[in-house]
Structure formats: C-alpha cells, structure tokens
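> return a 3D structure for these sequence lines:
(one chain, ligands or ions: 1)
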Amino acid sequence: MPDLKKDIPASIAVALVAIPLCLGIAHASGAPLLSGLMGGIIGGAVVGLLSHSQLSVSGPAAGLTTVVLGGIATLKSFPAFLTSVVLAGILQLIFGKLRVGGLSRLFPSPVIKGMLGAIGLILIMKQSPHLVGYDFEEMGVQEFADKAQDLEDDYPGAPRTGINTVTLLALAFTHLDPGAMVIGLLSLATLYLWEWKVQKRLPTVPGSLVAVALGVGLNQLLAVFKPEIQVTGKHLVQIPELSGGLITFPDWSALANPQVYILAVTIAIIASVETLLCVEALDRLDPEHRFTPPNRELIAQGTGNLLCGLIGGIPITSVIVRGSVNLSAGATSKISSISHGILILLSLLVMRGGLNQIPLATLAAVLVHVGIKMAHPSTLRRMMGRGWSQVIPYVVTALSILFSDLLIGIMVGTVVSAVFILRNLHVAQGLTVNRKGSLIQIELHQEVTFFHKVRLGSLLESLPADSTVEIDGSKALSIDHDVLDVIEVFCQRAPQKNIKVIVGGIATMSSFSEKQKAEMQAEYDQLLANNRAWAEDCQQKDPDFFYRTSHGPKPHFLFIGCSDCGVSADIITAAEPGKLLVHRNIGNMVSLHDMNLMSVLQYTIDHLVVPHIIVCGHYNCGGIRAALSTDSFGLIDNWVHPVKSVIQENQTELAQILDQTQRERRIIELHVLQQIGHLLKTPVVQNSIQKLGIPRVHAWVYDEGTGKITDLKSQLHLSEGVHPAFGFQHPAQKNAEISSTV
Ligand code: ZN
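From the prediction side, this is the model:
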C-alpha cells in the first residue's frame, strides 16, 4: 500500500535534486533549459502513472546527452529534433508490444551491480567539486571526458579542453569556494547524523530535505553575518524564467530528412536499454523485492517520449540516480515519482523564486551521500567471496563505465561476463581425471569446448614420464577442434617421455600416428589384392576349381578351434576348400549354453551328417593363459571360467609338473579332453551316435612351434561313456523299449 506520509516528503527530496539535474543535462545536451524541466515533468507525472515500477524515477538522462547534442547539431533545429523524439517514442511503444523487454534478463548480475557501483563512484567524483563550490561542470554529467557544452561559460581562466572527471576533481581543490564548502560539508554531515540518530524517530522526514533546508538557512545566515562568502549566482539553482513559454512543438517538415529516422532509432534503442537496466537495478535494491514488468515499462517510456517530442521535452529514460535518491528518501510507491513530476511543474509556475535560493553544494551533498551508498565497498567484498567469475565482470563494468560512459561500460562488462559464464558452464564439467598408480584416465564429458583446451593441455603436459594415459571420449557428443588438436599433438609427443596414450571413443582420431594409419590401410588393401591374385592363380592352375568347390560334396569335418590360433584349420590340414566346417571361439570351448556352437552342431549332425568332429586346442593359447592368470579381463573371465575347473579337477597330476611351460601345455590338453566330454553330453551328438554310430569325436592339439598336430586319441576313454546322469534316449529307442516291455 502506498504510504503518502513517506511518498510526499520523498517526492520533494527527489524534485529538489531532479531540478538541477534536468537543467544541467539540458544544458550539456545543447537543448533549451526548459526542455530539460519538461522532460522531468513528463518523466514523473506521465511515465510514473503508466509504469508498474514503484521506485523508478524517469527524466532527462545523462546517457543521452551525446546523442541529443549530436542530433540537434545535425538537424540544425530543436523543433526538428523533437520530431525524432516523437518517432523514438513510437518505436519504444512497438518494442513493448513486441515484448523485447524480456531481453533485459540477459544482463548478467555482476554487470548490473557494477553499473550501480560505477554510478556511485561517478556521483562521488562528479559531485565533490560542486560540494566545495566549483560549479564549472554542469550538474548531472556522467561521462568521463567533458565536452565544451558540459562546462559553465562564466569560469574565466579555466581550461576548456582536456577536462575529465579526475582533472576536474583536482581543479576543484585548488578553487575552493569557502561559503559553498561550508554549506556542502555541513549538509553532508547533517545527512549522516540524521540517518544515524534521528531517522528512526522521524521516519517520514527524509534526511535530504533536512539537509537542503539547512543549506538554504545557512546561506541566509552567511548573507547576514559573512556576506563576502555568501553563495550566489551560478552556485545556486537557476530555474530560468518562463518568458518564452514552456511548450515547443515539433517541426513536422523534418520528416522529409532521413537523419530524423536514424536519430529516432538511436534514441529509442539507447533509452530502452538504459531504462531496462535501471528498473532491473532498482528492483534489486527494492526492500520489498517488487518486480517491474519490462514490456510495460517500455510502453510507459514510449508514451513519455512521444509526449516529450510533441510538447518540447528532451528524451527521457528511467534514471538510476534519481531512483536511488527516491529510495533513500523513503519512497514506498510510484506516488512519489508522479508527485515529483508535478512538483517540478509547480516549481516553474509558482515556486521559482524560492527554489533559486538553494545552493548547489547542498544538493551535491545529497548526491554524494547516495553515491557512497551505491559504491559501498561491502558490495565488492561480497563479490570477491563469489570468485573471479563474479568479481572480474563487476570491476570491469564499473571501471569501463567510470572511464567511458554507461552504454560502453555495460557492453564491455556484458562481454566479459559472458566469457566467464561460458567458461564456468564448460570448464567445471569438461572432463574428469582419475589416477590409478601410473595409469591416468581422462574422461571427456558430453560437451568439450574451446574453453577446455587450456585445462586439458596443461593436464597432458604435466603427465609424468613412463606413465599410461587413457583418454576416453566415448561420452562426448561434441569435441571442439582445438581440443582434438591438443590431443593429437600430445599423441605425437608422448613417445619422447615414454608415455603410452590410449585414445578411445573419439570417432575422428585414434592413438595411431598418420604413418601407422597409412600402413594399416595398405595392409588391408593388400588383403584384397592377394585375394584377386589367389583367385586368378587357382583359376589358371585348375579351371574347374571354383565350380568344384561351390558344387562339391558336403563338409566331412566339423572343426572346433580357438579364435587366437595363428594358423587356420584348412592350412594346417591342407584340406580342400569346403571339406572343413569351422567353428572358432576363444579357448575352443564346447559349452551347452553357447547357442552359436549348439546351432552349428545341430546343423552339421542332423542335416550335413558330418562323420567327424574335431576339437582342436593349441599351445600358447591366450584364452587358456587368461584363465590361468589371476588378472581380470572383463567378460572373458566368464567365458574361460571352465578352464579353472579343469585345473581344480586335475590338481594332483598338475602338481607333479614343475616346469611352467609343460604344465601349461598339459592344461591345454586336459582342457581339450574336457570339451570332448561336453560334446558327448549334448543330446544331438548322443542321438546321432545311438542312431547312426557317428559322429566320431577327436581331440587335437596344434603346436604352433612345429606346425604339427597331436591326436590325443590314446587319452580319449570313450568306452567309459558318459555318466548316466547326462544320458539321453533317442525317441525311436524309447519306443522300442516300451513295446518290448508290453
Ligand atoms: Zn587359443
């Protein structure tokens, strides 16, 4: 609920500060002084009424002075310039209707805070000269480097060029005005004392009103007791006379000038950005945490500027300084802003004489007081606590605004902030590093961007010599080219430090060098070339060869071998193509759970009626070695598990073989014999043997050292048969038994 007891005094405080600011900005903009006050009236009464912001105050903005000055100079007349302001207002209305205001959420938080800090510092630095009576610069200028029109004319001897915030501050302390300084410093002291001791008891009286009243009173006392230092003339508020009339109408003939439109777009964009920044910043300062709808704000501002153009005001935006004064004077609702607009109008019509008694020094004290609050070091300390990604954009924004102007500073700050936002997004999640002894595993995450390049690069560089690094990109959906380059260069250099690199899951690269890749391709190509040569050779030697092998007899042998045996079955037996039907797996396993082999078995026995099944192991078998090892190899552990039971079942015999190699060879033989046992336990083999007496089963071991095969038939005790528990009966045999019992 609006609290009029607080809003009305606050509105007086804002109006008192706003009047010299409106005049100063109008002067700096090269516009008639009254057009500044008109902007203040419309910004308060009209925008205040339409806006949904409760604390924001609108009026002529320091950030637009350059544009206004340039615009009036280009169009060579103020009424022509007003036409641009009308168009800018219409554009802002369109922005609001198109709902572009939502883009204001893109301003990063450290940038908004940096802006508040910078404007605080600017207030302190720019108002301090006024505080001590050096009113060379117009009130309300915010840019770092001053221009001629920012400066008062009647300062004889003062430099007209090379003036900026810092040099002006230095000049001020060599040009102290004793009367103004006394008033300014006492006003500042009053503001602090009031806030410290009285404010709680008199919450509806803003300290700034007390300070201004004191300033005026002090000056009256000086007039009586020390007239030589009384503050007069340019050191006082100077509301001009209404002689020429307040209202100026736009010159519509300017619509024919294309410059009018360019200017309108510029004003609309700058005014909208400044407004959105200010309401966003004020919303953050609002103790009641109210939210200002940005598109509604653009419509309010557009209406305000449309009206400014129509009746002679300079363009307006929401302005942070007056908003902050409003807040610190205790405003609770937009009644304060609306009322401040009406008060500016009244000041022109009826209160001009009284207001022109106010020393600028006392108003400067009010602004310095607000500036110190805005640029309080506690914000910087809070930002420091949040890390570099917050503090750097904050400081960069603040310094850029301080040393250039608001919009440039915001742009620089937003770019810096965006870099940190992107970096944070990706660096934190780019990769995970696991260290297991000398093995370093680097797992790349879903998005690996340019920002991870530095981290990955320094990580790879820091790897110790003789280590092994696994770079796993299987989870990465996208990997930046720069990152791929880093990995590729590392792969090339790794051998120098004897680092073994295993790159997996990155489709576009492997741990192989370009030379190795070329060799692999050549090897592959050779394979196909060999095939053509072989086919032609066969054809030449035996023109019927391929006809015979493709129409020849069925295979006579099912050969069950090991996948990693170096030589294939038909080579070691010199079998004619088609004679052998080959099945290979790791460790030449016969498992009744292996659907692949069981299907092969059924097909070869039931359909091909193969007379021989050979299970062929080989010495130096990697599968058997895996089973003998205590290391884990993943899924292979499960597959070769039966070999471990061979060792267990034959431990007495194996214990007597002391030679490691001989022991391994024996295990391989025993393992082959066990596979024959499994073969005989399958129903399909049992049925076929019962019915046809075939297949005959054979246990072989191939010696890779000699190329010779050993047939283990002397150790095959087929006569012992299979244990009754594993026995199956052929259906025909079963029927015969049933009929014989009947
Ligand atoms: Zn093997």
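
> excluding chain neighbours, what is closest to L4?
I335 (6.5 Å; CB to CB, 6 or more residues apart in numbering). Where you see a C-beta, it was placed from the backbone N, CA and C, and this is true even at glycine.

> how about the contacts made by that neighbour?
Going by CB atoms under 8 Å, 6 or more residues apart in numbering, I335 touches P2, L4, D7, I8, S11.

> let's have the residues you listed in JSON lines, adding distance to the ion.
Below are the contacts of I335 laid out as JSON lines (distance: CB to the ion, whole Å):
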{"residue": "P2", "distance to the ion": "90"}
{"residue": "L4", "distance to the ion": "96"}
{"residue": "D7", "distance to the ion": "92"}
{"residue": "I8", "distance to the ion": "97"}
{"residue": "S11", "distance to the ion": "94"}
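
> just checking, I401 is part of a helix?
Yes - with DSSP: H, G, I helix; E, B strand; the rest coil as the criterion, I401 is part of a helix.

> break this protein down into its domains, please.
Using automatic domain parsing, the domain parsing of the chain gives 4-149+162-398, 426-512, 513-552, 554-737.

> what's the most buried one of these?
Of all the domains of the chain, domain 4-149+162-398 carries the top mean neighbour count, a mean of 21, counting by mean count of other CB atoms under 10 Å.

> touching stretch 141-149 from outside, list them.
Contacts for stretch 141-149 (CB under 8 Å, 6+ apart): 24-25, 27-30, 62-63, 65-66, 69, 119, 122, 126, 137, 150, 160, 163-165, 168, 402-406.

> SS state for V615?
V615 - assigned by three-state DSSP - is strand.

> is it true that it touches N588?
Yes - at 5.8 Å, V615 and N588 qualify as touching, with contact defined as CB atoms under 8 Å.

> what do the two both touch?
Common contacts of V615 and N588 (CB under 8 Å, 6+ apart): I560, V672, Q675.

> who are the contact partners of the closest residue to the ion within the stretch 451-600 of the chain?
Closest contact between the stretch 451-600 of the chain and the ion, by CB to the ion, is at C562 (3.1 Å). Going by CB under 8 Å, 6+ apart, C562 touches R584, N585, I586, G587, N588, C616, G617, H618, C621, G623.

> so which of these are in helices?
Of these, the ones assigned to helices by DSSP state H are G623.

> for the contacts of C562, give me TSV that also has distance to V433 and pLDDT.
Formatted as TSV, those follow (distance: CB to CB, whole Å; pLDDT from 0 to 100):
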residue	distance to V433	pLDDT
R584	40	96
N585	38	95
I586	33	95
G587	36	95
N588	41	96
C616	46	96
G617	43	96
H618	42	96
C621	37	93
G623	34	92
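
> which of the contacts of C562 lies closest to L345?
Using CB to CB, I586 is the member of the contacts of C562 that lies nearest L345, at 95.2 Å.

> what's the nearest residue to the closest one if we skip its chain neighbours?
Closest to I586 by CB to CB, 6+ apart is G623, at 4.2 Å.

> quick one: that neighbour from F633, how far?
Here G623 is placed at a distance of 10 Å from F633 (CB to CB, to the nearest Å).
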